[in-house]
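> pasting the structure only:
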């Protein structure tokens, strides 16, 4: 029996919090399409996204990392699943200062050879349309 998307999402988040690149990438399909909130418009393929994840991890060299999912919702059938959640990502920089923010996450999952794999990853951060400023200070409870 395959693991549920809820279990896999929790394991994926734990792999990110521990900054374990091999575990993180094990969740992704080779044909992944990713829209991240950082760096570029899109990432095509697992290899390109791995490079991006490695660069993201370099922003938190201080060893402290937090990555948690909130309000995870999942819709699925036997072959496809769609999940969305709010994500809190926090890390410490080289000075030991903690930095973090809430983001939005949408993922598409596909059953491939008996395993669920992420085929679409989309992180986003809201912004103010008038000023163009990114709204990093928003929280789910506000």
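Thanks, I have the structure now. This structure is a prediction, so every number in the text was calculated from the model and none was measured. Residues are numbered from 1 along each chain as shown.
> burial of residue 45, as a residue count?
14 (other Cβ atoms under 10 Å). Where C-beta positions appear, they are placed from N, C-alpha and C, glycine not excepted.
> wait, isn't it in contact with residue 28?
No - in this structure, residue 45 is not within contact of residue 28 by Cβ atoms under 8 Å, at 9.3 Å.
> got the buried residues for the lowest-mean-pLDDT helix or strand in the chain?
Within the chain, no helix or strand scores below helix 46-58, which has a mean of 84 by mean pLDDT, DSSP states H and E. Residues of helix 46-58 classed as buried by neighbour count (16 or more other Cβ atoms under 10 Å): 46, 49-50, 52-53, 56-57.
> can you give me the strands for this structure?
Assigned by DSSP state E, the chain shows strands spanning 28-35, 43-44, 65-76, 80-92, 98-112, 115-124.
> now the ones you listed as TSV including mean pLDDT, mean neighbour count and distance to residue 12?
Shown next, in TSV, are the strands of the chain (pLDDT from 0 to 100; neighbours: other Cβ atoms under 10 Å; distance: least, Cβ to Cβ, whole Å):
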stretch	mean pLDDT	mean neighbour count	distance to residue 12
strand 28-35	95	17	9
strand 43-44	90	16	16
strand 65-76	91	14	9
strand 80-92	91	18	10
strand 98-112	92	17	9
strand 115-124	95	18	8
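> can you tell which of those strands is closest to residue 19?
strand 65-76 (5.7 Å; Cβ to Cβ).
> follow-up on the earlier one: and of the strands of the chain, who's closest to residue 133?
The closest of the strands of the chain to residue 133 is strand 98-112. By Cβ to Cβ, the value is 12.9 Å.
> how far is the closest one from where the chain is centred?
Distance of strand 98-112 from the chain centroid (Cα atoms, centre = their mean, to the nearest Å) equals 3 Å.
> and that strand, what does it pack onto?
Strand 98-112 sits against helix 5-17, strand 65-76, strand 80-92, strand 115-124, with contacts defined as 3 or more Cβ pairs under 8 Å, 6 or more residues apart in numbering; DSSP states H and E.
> what's the shortest one in contact with?
Under the contact criterion Cβ atoms under 8 Å, 6 or more residues apart in numbering, strand 115-124 has outside partners 2-3, 5, 8, 12, 27-29, 31-38, 49, 81, 87, 103-111.
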